[in-house]
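[1] Quick one, fold the following:
(one chain, ligands or ions: 2)
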Amino acid sequence: MHNFEFIRPEDPAAAITTAAQAKTAQQGAEVRFMGGGTTLIDLMKLNVETPARVLDINRLPLDKIEPMPDGGLKIGATVRNSDLAYHSSVQHDYSVLSQAVLSGASAQIRNMATVAGNLLQRTRCMYFRDTAMPCNKREPGSGCPAITGSNRTLAILGTSDHCIATNPSDMCVAMAALEATIHVQGPKGPRAISFGDFHLLPGSTPHRETVLEPGDLITHVTLPPPTKESKHVYLKLRDRASYEFALASAAVVLTIAGGNVTRARIAFGGVGTKPWRSHEAEAVLAGRPANDANFRKAAEAALRGAKPQSENGFKIELARRCLTHALRTALTS
Ligand SMILES: Cc1cc2nc3c(=O)[nH]c(=O)nc-3n(C[C@H](O)[C@H](O)[C@H](O)COP(=O)(O)OP(=O)(O)OC[C@H]3O[C@@H](n4cnc5c(N)ncnc54)[C@H](O)[C@@H]3O)c2cc1C
Ligand code: SF4
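    Residues are numbered from 1 along each chain as shown. Ligands and ions are numbered 1, 2, ... in the order given. Here you go, the predicted model:
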């Protein structure tokens, strides 16, 4: 691993001032915040990330989960994934989030990983992680070998001719369905970013993954008040039952009254270049009878824009079945 300076800032302001000296908050940033380090240190060992300064933010007062006056929930940036998943309000009112987090990684990694770090975890595309290979995300303009190469696990939604990398997070899929808001403190002050606006599609700039600017510190995430009587399901399909990333996953928050769907919030993981909210599937379900035929129609609508590569065409039907099964489980739970 390269040489770097390890700094423990005393307060958020000091952390932001130091990080603001970087030219970018995207791939190749010279200054990086560190939460659990389970993504960052991994990539530093591979020389994919080579920051000159690493700011350990674990001492900052960002580790609380608190109720909000409007009935929602405030989750600090350094809350550990395990603490989030086992928090009583999360288990009771936002169970899709608890299920999603617990489906990811391993108990040890979840004990280290933080909420903000999970929001910013990087793709598992093998070319991105191998500095001997070209990769537009790691080195803009160098090419994308995955498009003609090994792409079985890569994305079918939101891809471009420059990058087809999957966003690997489970937690983010649940947060997309819960319509979370990400709160950032930057050199120009605080701002709130809707979950759907936080991650960027690759387009012609796959090295830009989020709207973050130099110095932007994620301080917390908020969830809106829970939807009464809603059913929560996170279903993750993968090559082995644990310690594996999703080939396809679905987060479902479903409200049913008198046999009809009154509200549906749906997001996919494992298939999109960002956590993939499906407004199309939600629109198909709204106001319609909650039955298998409509669940299948919603799944068809969700995948209509999918663009398969040479090895991952199977993901289209896999994602359809994943959503259909998740909706059926929500109906009967
Ligand atoms: C073997 C293995 C298996 C895994 N399996 C899964 C899985 O199945 N599902 C899944 O979802 N994930 C999985 N993961 C990924 C894991 O969830 C992430 O590594 C973890 O969530 C990252 O959190 P962290 O706190 O360790 O991030 P860090 O490594 O500390 O940081 C990640 C990024 O976030 C930035 N950052 C951190 N905090 C802030 C902040 N407050 N403000 C701004 N920037 C910040 C850092 O600078 C860095 O760029 C796996 C990881 C490993 C190693
Ligand atoms: S898919 Fe994206 S991350 Fe993977 S090689 Fe292509 S540009 Fe790099």
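[2] And the spatially closest residue to A15 that is not a sequence neighbour, how close does it get to ligand 2?
    When the adjacent residues along the chain are set aside, A15 lies closest to P9, with 4.0 Å between them (Cβ to Cβ, 6 or more residues apart in numbering). In short, each C-beta sits where N, CA and C put it, glycine included. Using Cβ to the nearest ligand atom, to the nearest Å, one gets 31 Å for the distance from P9 to ligand 2.
[3] State the phi and psi torsions of P9.
    Geometry field for P9 lists phi and psi as phi -60, psi 150, criterion degrees, to the nearest 10.
[4] Return the distance of it relative to L323.
    Distance of P9 to L323, given as Cβ to Cβ, to the nearest Å: 43 Å.
[5] who has more neighbours, these two?
    Set side by side, P9 and L323 show unequal neighbour counts under other Cβ atoms under 10 Å, the larger going to L323 at 29 against 19.
[6] what's the helix or strand for the residue in the stretch 1-150 of the chain positioned nearest to ligand 1?
    Going by Cβ to the nearest ligand atom, ligand 1 is nearest to G117 of the stretch 1-150 of the chain, at 2.1 Å. Here G117 sits within helix 115-119, counting by DSSP states H and E.
[7] which other residues reach that helix?
    Under the criterion Cβ atoms under 8 Å, 6 or more residues apart in numbering, residues 33, 35-40, 62, 75-79, 81, 84, 101, 169, 171-172, 175, 182, 198, 210, 218, 221 lie in contact with helix 115-119.
[8] any idea which helix or strand comes after it?
    In the C-terminal direction, the helix or strand that comes right after helix 115-119 (DSSP H and E) is helix 171-177.
[9] Return the list of helices and strands in contact with that next one.
    The criterion is 3 or more Cβ pairs under 8 Å, 6 or more residues apart in numbering; DSSP states H and E, and the helices and strands that helix 171-177 contacts are helix 95-102, helix 115-119, helix 195-198, strand 248-257, strand 260-269, strand 276-277.
[10] I'd like to know which residues of this protein are adjacent to ligand 1.
    Taking Cβ under 6 Å from any ligand atom as the criterion, the neighbours of ligand 1 within the chain are 32-40, 42, 57, 77, 104-105, 109, 112-114, 116-118, 120-121, 168-171, 217-218, 245.
[11] Kindly recompute the last result at 5 Å.
    Near ligand 1, the residues belonging to the chain are 32-40, 77, 104-105, 113-114, 116-118, 120-121, 169-170, 217-218, 245 when assessed by Cβ under 5 Å from any ligand atom.
[12] how about the residues of the stretch 101-250 of the chain that lie near ligand 2?
    Taking Cβ under 5 Å from any ligand atom as the test, the list of the stretch 101-250 of the chain residues beside ligand 2 reads 125, 127-128, 135-137, 144, 146, 163-165.
[13] quick one: secondary structure of V221?
    Secondary structure assignment for V221 (DSSP: H, G, I helix; E, B strand; the rest coil): strand.
[14] what about G141, neighbour count?
    Other residues within reach of G141 by the criterion other Cβ under 10 Å amount to 9.
[15] likewise G305?
    Burial of G305, expressed as a neighbour count using other Cβ under 10 Å, amounts to 10.
[16] State the three-state secondary structure for it.
    Of the three states, G305 takes coil under three-state DSSP.
[17] Pull up the gap between it and ligand 2, please.
    G305 is 18 Å from ligand 2, by Cβ to the nearest ligand atom.
[18] can I assume that residue is in contact with L157?
    Yes: in this structure, G305 sits in contact with L157. The criterion is Cβ atoms under 8 Å, and the distance is 6.5 Å.
[19] Quick check: the gap between the residue of the chain positioned farthest from its centre and P289.
    Relative to the centre of the chain, the most outlying C-alpha is that of G258, 33.5 Å out, by Cα atoms, centre = their mean. Using Cβ to Cβ, G258 is found at 9 Å from P289.
[20] what residues are shared contacts of these two?
    Counting by Cβ under 8 Å, 6+ apart, no residue touches both G258 and P289.
[21] ok so, going back, pLDDT at the residue of the stretch 1-150 of the chain closest to ligand 1, what is it?
    Per-residue confidence (pLDDT) for G117: 98.
[22] tell me, how many neighbours does it end up with?
    Burial of G117, expressed as a neighbour count using other Cβ under 10 Å, amounts to 23.
[23] quick thing: my sequence starts at 17, can you match it?
    Will do, 17 is the new start, and the previous item becomes G133.
[24] residues contacting the residue farthest from the centre of the chain?
    Applying Cβ under 8 Å, 6+ apart, we find G274 in contact with no residue.
[25] okay but I209 is in contact with Q201, surely?
    No: checked against Cβ under 8 Å, the pair I209 and Q201 is beyond contact range at 11.9 Å.
[26] List the buried residues for stretch 86-99?
    For stretch 86-99, a neighbour-count test (16 or more other Cβ atoms under 10 Å) marks 88-99 as buried.
[27] okay, S258: pLDDT?
    Looking at S258, its pLDDT stands at 87.
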